[in-house]
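Chemist: Provided below are the primary sequence and the corresponding predicted coordinates.
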Amino acid sequence: MAEAIKKVFSDKRDQDQAVLINFLTAGYPTKDATVPLMMALEAGGTDIIELGVPFSDPIADGPVIQKANTIAIENNVHYEDCLRYVREARAQGLKAPVVFMGYYNPLIAYGEEKAVRDCKEAGANGYIMVDLPPSEALKFRKICTSEGISYIPLIAPSTSIDRVKYLASIADSFIYVVSKMGVTGSNSGTAISTSLPELIARIRAFTPVPLAVGFGIDNRTHFDFVTSAGADGVVIGSKVVKVIQEGAAAGDAPAALEAFVRTVSLKDQPIRPLGREKKSHNADAAGHPSPPLPLPSDAKDVDPLDGVAKDDLNVTRAGKLPSKFGMFGGAYVPESLVDCLNELEDAYIAAKEDPAFWKEFEDQFAYMNRPSELYFAERLTEEMGGAKIWLKREDLNHTGSHKINNAMGQILLAKRLGKNRIIAETGAGQHGVATATVCAKFGMQCDIYMGAEDVRRQELNVFRIKMLGGNVIPVTSGTQTLKDAVNEAMRDWVTRLDSTHYLIGSAIGPHPFPTIVRDFQRVIGREIKSQMAEKAGKLPDAVVACVGGGSNAIGTFYDFIEDESVRLIGVEAGGHGINTEAHSATLSKGVPGVVHGAASYIIQSLDYNSVGPEHANLKYTGRAEYIVADDFECLKGFKMVTELEGIIPALESSHGLWGGMQLAKTMPKDKDIVICLSGSGAKDVAEVLLTLKSKDWAERLDWHVAA
């Protein structure tokens, strides 16, 4: 199977020509369109077909391929459909090698070994995994090699020399070279980077394996420039998807696609030779075929989701932070993001070890309103009739939530990095408000990505962000909610690394973000520990927090992880019930997977479909307990705290409040429970009013204040 790819490159080399590789998204624009389009590609002169496996969060791809993925998922197209397309195309006579291109999560869901076996059985030839880290690609590469399937690594302009050597060592048929920083996307009016010859020469110094260049290539002029720069193959993707879209609108996408491909391949036309020596790249100096490259001598059989990772799987060498929490976490990102994540990690390590940085952080506590009060909820305790209930009042922080802790820490880190522009994602808007606040204080440009649906729902917070000088960018791709805002922020970041810091809002995303966010939120748990010692002379018996992405909860839990007498309880949003599709109980109902750069528990259909990887590890090891509060229980908790304590909590926080109150009922009166009241309910009052105008809700809650 891999041999078929090698033969294409060898034959083209003998003809003194370059290989044309074209990409299309499986299942786009309709579920039944793919096989005719594959046949049209070959008829037009495509040498190798990249078949994109649909994924909900393709962070390396621009808007054209993102939209195609969204439509394919709406068409209910999955990996098994991709296998079927290849089988059907082979049955119709397709000869061109087919490479599956996509993201790691669909293969985890399908099962890696089964995926590769079925790939071979269907007649496909290889894989390009955009977000699979090379250190963890070794196991997958080994599976591929055992079945004769090619594993094709990617190298970006920012890839370090050591990493180039490593990636070259695990390549077999060819290497995919990313021509530019940023995401996929073509533009006929844009020239290809003039630094491409240098990039190709740099890679060529370490490997005889052919190099195929992609990203931003649109036409034959681009094709000729890329081959003149030394490439052995050229990849065109976004332009193909555009042609398919336009052809479908005109009524004949396959005909339009074949016609376009012919303008690039020049099939049946005279083609000027490249003028290169006729020697196979997979050959030694004498021209004899060389054997497949062996695995690196230090290769380890690594499976990030097969049991708890061994110590040697973590990044523990000097000057680095552990990149994983057990088997969760890591950095599953496009190659173009690796360099900026390394830069961020290096800067954070330097800051973390510098007492002056933490003094600068603590100097902002008066502005942030820290320490936040640990408040004994006397009436709530009396109502529950059990353990004493304490509320950690993060709602009293400046901007009304715990989000200011992380926003302040990260903007000080951005200053150290010399960045003058901050981007962030936000859902309910609290992180956006906190980010805009610190940007106003430090005079930095602030761009906040927010799903268009969330913009509509959170009008007040959008207005607050704008008043603070922030720019709200509505995201109209995908579900138009938080996960799509994360995607767009990551795409922005990779295109403007020199000036921009991505101030991620929760303990999510690729390493080192979960660690950085946790460390800035640790102030919550540290204060609880010292305040409980002062007020009660002991540790709490339990700490409770709501869990969405998980930053307030991990900040609350972290300093108690080693204190085994303290129960750690996270409360997820149960929505309409965990046996429905309308909930956010990722830890309770999710399965291991990879999304937005980290391995964790995920549910694909959710608004934000993952949770911080450290929480995933705490669940997996049993150190923390995760329970669920549904919408009714959330609103019941909201009502009780409002009426009994005169505190209007955020709806997110109300899940944790309900869970903590129910726990208190089961514990003796000499025990102490601390609940993190992570945010103020000021932003939610309008939503609660709208809910209580419903007679059904008013009667269920016995709360008729909206009448």
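Modeler: Ah, there it is. A quick note: this is a predicted structure, and the numbers were derived from the prediction, not measured. Numbering: from 1, shown residues only.

Chemist: Give me the mean pLDDT for the strand or helix carrying Tyr601.
Modeler: When secondary structure is defined using DSSP states H and E, the element that contains Tyr601 is strand 598-602. Strand 598-602 carries an average pLDDT of 94.

Chemist: do the same with stretch 464-471
Modeler: Here the mean pLDDT over stretch 464-471 is 97, rounded to a whole number.

Chemist: So for that stretch, first residue to last residue, what's the gap.
Modeler: Between the opening and closing residues of stretch 464-471 we find a distance of 11 Å, counting by CA to CA, to the nearest Å.

Chemist: buried ones in that stretch?
Modeler: 464-465, 468, 470 (16 or more other CB atoms under 10 Å). Where you see a C-beta, it was placed from the backbone N, CA and C, and this is true even at glycine.

Chemist: Ok, stretch 592-605 next?
Modeler: Residues 592-604 are the ones in stretch 592-605 that count as buried (16+ other CB under 10 Å).

Chemist: wait, Val455 sits on Val472?
Modeler: Yes: assessed by CB atoms under 8 Å, Val455 is found in contact with Val472 at 6.6 Å.

Chemist: Give the residues shared as contacts by those two.
Modeler: Between them, Val455 and Val472 share the neighbouring residues Val462, with contact defined by CB atoms under 8 Å, 6 or more residues apart in numbering.

Chemist: possible to save the buried residues of stretch 592-605 as JSON lines with distance to Val611?
Modeler: Rendered in JSON lines, the data for those read as follows (distance: CB to CB, whole Å):
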{"residue": "Pro592", "distance to Val611": "12"}
{"residue": "Gly593", "distance to Val611": "11"}
{"residue": "Val594", "distance to Val611": "13"}
{"residue": "Val595", "distance to Val611": "10"}
{"residue": "His596", "distance to Val611": "11"}
{"residue": "Gly597", "distance to Val611": "13"}
{"residue": "Ala598", "distance to Val611": "10"}
{"residue": "Ala599", "distance to Val611": "11"}
{"residue": "Ser600", "distance to Val611": "6"}
{"residue": "Tyr601", "distance to Val611": "6"}
{"residue": "Ile602", "distance to Val611": "8"}
{"residue": "Ile603", "distance to Val611": "9"}
{"residue": "Gln604", "distance to Val611": "13"}
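
Chemist: of those residues, closest to Tyr127?
Modeler: Nearest to Tyr127 among the buried residues of stretch 592-605, counting by CB to CB, is Val594 at 14.9 Å.

Chemist: For that closest one, grab phi and psi.
Modeler: The main-chain torsion angles of Val594 are listed as degrees, to the nearest 10 and equal phi -130, psi 130.

Chemist: which residues pair with it across the strands?
Modeler: The bridge-partner assignment for Val594, based on DSSP bridges, gives Ala599.

Chemist: In the stretch 101-250 of the chain, mark out all the helices, start to finish.
Modeler: Listed in chain order, the helices of the stretch 101-250 of the chain (DSSP state H, counting those that start in this stretch) span residues 104-110, 112-122, 134-146, 161-169, 196-204, 220-228, 238-250.

Chemist: one step back: which pair in the buried residues of stretch 592-605 has the greatest spatial separation?
Modeler: When the buried residues of stretch 592-605 are compared pair by pair using CB to CB, the two farthest from each other are Gly597 and Ile603, 17.1 Å apart.

Chemist: Nearest approach to Asp339 belongs to which of the helices of the stretch 101-250 of the chain?
Modeler: Asp339 sits nearest to helix 161-169 of all these, at 8.9 Å, using CB to CB.

Chemist: Return the closest one as PDB; C-alpha atoms alone will do.
Modeler: As requested, C-alpha coordinates have been extracted for helix 161-169 and formatted as PDB (Å, rounded to 0.1, in the frame of the first residue of the first chain):
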ATOM      1  CA  ILE A 161      16.100  21.300  13.300                       C
ATOM      2  CA  ASP A 162      15.900  18.600  15.900                       C
ATOM      3  CA  ARG A 163      12.300  18.100  15.200                       C
ATOM      4  CA  VAL A 164      12.900  18.000  11.400                       C
ATOM      5  CA  LYS A 165      15.400  15.300  12.000                       C
ATOM      6  CA  TYR A 166      13.000  13.300  14.100                       C
ATOM      7  CA  LEU A 167      10.000  13.700  11.700                       C
ATOM      8  CA  ALA A 168      12.200  12.800   8.800                       C
ATOM      9  CA  SER A 169      13.300   9.600  10.600                       C
END
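
Chemist: buried set for it?
Modeler: Judged by neighbour count using 16+ other CB under 10 Å, the buried positions of helix 161-169 are 163-164, 166-169.
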